[in-house]
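S.K.: Okay, sequence plus prediction incoming.
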Amino acid sequence: MSYDVCVIGAGPGGYVAAIKAAQLGLKTVIIEREKLGGVCLNVGCIPSKAMITAAHFLHKVEHESSTMGIEVSGVKLNMPKLKNWKQSVSDRMAGGVEQLLKGNKVEIVQGDAEFTSANDITVKSSKETRHIKAKNFVVATGSRPIEIPGFSFDEKTVMSSTGALDLEQVPKKLITIGGGYIGLEISSYLAELGCEVTILEAADGVLKGAADPDCIKVVERQLKKQGNVKVHTKAFAKSFEKKGSGVVVKAEVNGKVESFEADKILVTVGRKPNSDQMKLKQIGLNIDDRGFVKVDAQMRSNIPHIFAIGDIAGQPMLAHKASHEGVLVAEVMAGHNRVYDAKTVPAVIFTHPEIASAGWTEEECKAQGYSDLKVNKFPFAANGRAVSLMETDGFVKMIADNKTHRLLGVHICGPEASNLISEAVLAIEMGARLEDLALSIHPHPTLGETMMEAAEATLGHAIHMINKPVNTKKSSAQARV
Ligand code: NAI
């Protein structure tokens, strides 16, 4: 069979590329060896958000609702039922992807693809082997969790995120190795579901380099408040042995060997691109030393009719970046004049409270040559909607160029940070100044008002906080939260 476009991998990069290519009139086939929707829909973003929603709900009912006068007794977690519901959320989304692909006349082929040359692939399934030729290929085969020596995944005792999202019961005690994005998201919700979590993080702090340092402090404080999460930094997990039905993990913490007991281990030390598969190297595709396929601004590899998008094409390994690149490659393959020129890729960490960011941190601004900054924060504690939600931890922090007031970075830690950040993305893409945000009327009473007030605070004249002179030189935050 011969096509205009063959997309390999049906995650948020690949399926978006395939739909867009078909919409643009290209005869398109998509190949997937597992489930449509990829890691994101099946064992990543979507099921983890379902678990996080349920865990917050339980936490609120158990610990917060009585403050509002809602007294509940006999609350109990039915984990098998929760697991089924989580699965139904993923299945519904994956089913939607199938309908969209079919509705746009994209042919779906189930099986394991491998290049036989730069111009054709074979797809093996339990039923058959198919040969496919195409004018263009899009490699969107993603990434997988990194294993560390001595901790091979069996998804029962030693789990990756996949196993942790599929637990039959909440473990009494869990050891999480790696306090990054995934480690903190899963640890936070399992703790809310009643698990005692010990996080072993090799760096000198959690989420190092993944978020604004002030935002990280709020999450660390919340983890402490939670009571059943302990974080050990400068902690390297070395080995484990089974003890009864549980495990004992030996780790070097600040140079001393310590033992930690638990029922299960979760390893979340990063993900690596799947570039060692599909004979990508053998057909001559250039791959860098971190395993990412080298691409230009049109996501084109060194073999001009092979494109790569998503996790396999470089950091940040985020679904929305993959989807953006999916649309881009489809347009390039259809002959449109497009390059990757996004100013910012927003990032969200779904801890409690959430952290979301767009643009640069203060450190990054300075590295980019912006030494004269205007920085300030507006606290959620001063926002009526946040108070009525009983979600007052955190702030919106804005960083702007002191001369032009142009927005360079927004870092939010607090309720609905994940939804609020989109306004910052638009502002940064449009080259907005603080005044643009401050002078836009935001509806009351909403969390969105914190964006307007943070811009006003950074200009030195917020209404709902006492303004101190904004120290532009030290670029330190003024609002106390
Ligand atoms: P990560 O790179 O965020 O964090 C890994 C952490 O493990 C680091 O802090 C590192 O210092 C630590 N570490 C490494 N080796 C260690 C060892 N031997 N012992 C103890 N600690 C060790 O990786 P993570 O959390 O696995 O996430 C992978 C990727 O998935 C992220 O880069 C992110 O882009 C993506 N992701 C995005 C999410 C979102 O958008 N909300 C959610 C989950 C993942």
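M.R.: Thanks, I have the structure now. Numbers count the residues shown, from 1 in each chain.
S.K.: which residues are contacting the helix or strand C40 falls within?
M.R.: Following DSSP states H and E, one finds C40 within helix 38-43. By C-beta atoms under 8 Å, 6 or more residues apart in numbering, the list of residues contacting helix 38-43 from outside reads 9-15, 32, 34-35, 44-46, 90, 93-94, 97, 142-143, 161-162, 165-166, 319. Using the backbone N, CA and C atoms, a C-beta is placed for each residue, glycine as well.
S.K.: out of those, which are inside helices?
M.R.: 14-15, 45-46, 90, 93-94, 97, 161-162, 319 (DSSP state H).
S.K.: now the strands: where do they sit in the stretch 301-450 of the chain?
M.R.: With strands called from DSSP state E, counting those that start in this stretch, the stretch 301-450 of the chain shows them at 306-308, 347-349, 354-359, 373-379, 395-401, 407-414.
S.K.: helices and strands around the first one, which ones?
M.R.: In other words, strand 306-308. strand 129-139, helix 319-333 (3 or more C-beta pairs under 8 Å, 6 or more residues apart in numbering; DSSP states H and E).
S.K.: Quick check: buried residues in that strand?
M.R.: The neighbour-count check on strand 306-308 (16 or more other C-beta atoms under 10 Å) flags 306-308 as buried.
S.K.: I'd like the average pLDDT over that strand.
M.R.: For strand 306-308, mean pLDDT is 98.
S.K.: Just say which of the helices and strands packed on strand 306-308 is most tucked in.
M.R.: helix 319-333 (a mean of 23; mean count of other C-beta atoms under 10 Å).
S.K.: if we can go back for a sec, mind putting the helices and strands packed on strand 306-308 in JSON lines, distance to the ligand and mean pLDDT included?
M.R.: Output for these, formatted as JSON lines (distance: least, C-beta to the nearest ligand atom, whole Å; pLDDT from 0 to 100):
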{"stretch": "strand 129-139", "distance to the ligand": "19", "mean pLDDT": "97"}
{"stretch": "helix 319-333", "distance to the ligand": "7", "mean pLDDT": "98"}
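S.K.: Quick one, which of the contacts of helix 38-43 are buried?
M.R.: Buried by 16+ other C-beta under 10 Å: 9-15, 32, 35, 44-46, 90, 93-94, 97, 142-143, 161-162, 165, 319, out of these.
S.K.: burial count for the single nearest residue of the stretch 101-250 of the chain relative to the ligand?
M.R.: Checking the stretch 101-250 of the chain residue by residue against the ligand with C-beta to the nearest ligand atom singles out G180 as nearest, at 1.8 Å. Neighbour count for G180, taken as other C-beta atoms under 10 Å: 20.
S.K.: wait, what's in contact with it?
M.R.: G180 touches 206-207, 210, 268-270, counting by C-beta under 8 Å, 6+ apart.
S.K.: right, and out of the buried residues of strand 306-308, which lies closest to the ligand?
M.R.: For the buried residues of strand 306-308, the nearest to the ligand is A308 (16.9 Å; C-beta to the nearest ligand atom).
S.K.: beta partners for the residue lying closest to the closest one once chain neighbours are set aside?
M.R.: By the measure of C-beta to C-beta, 6 or more residues apart in numbering, the closest residue to A308 outside its immediate chain neighbours is V293, 3.8 Å from it. Under DSSP bridges, the beta-bridge partners of V293 are I287.
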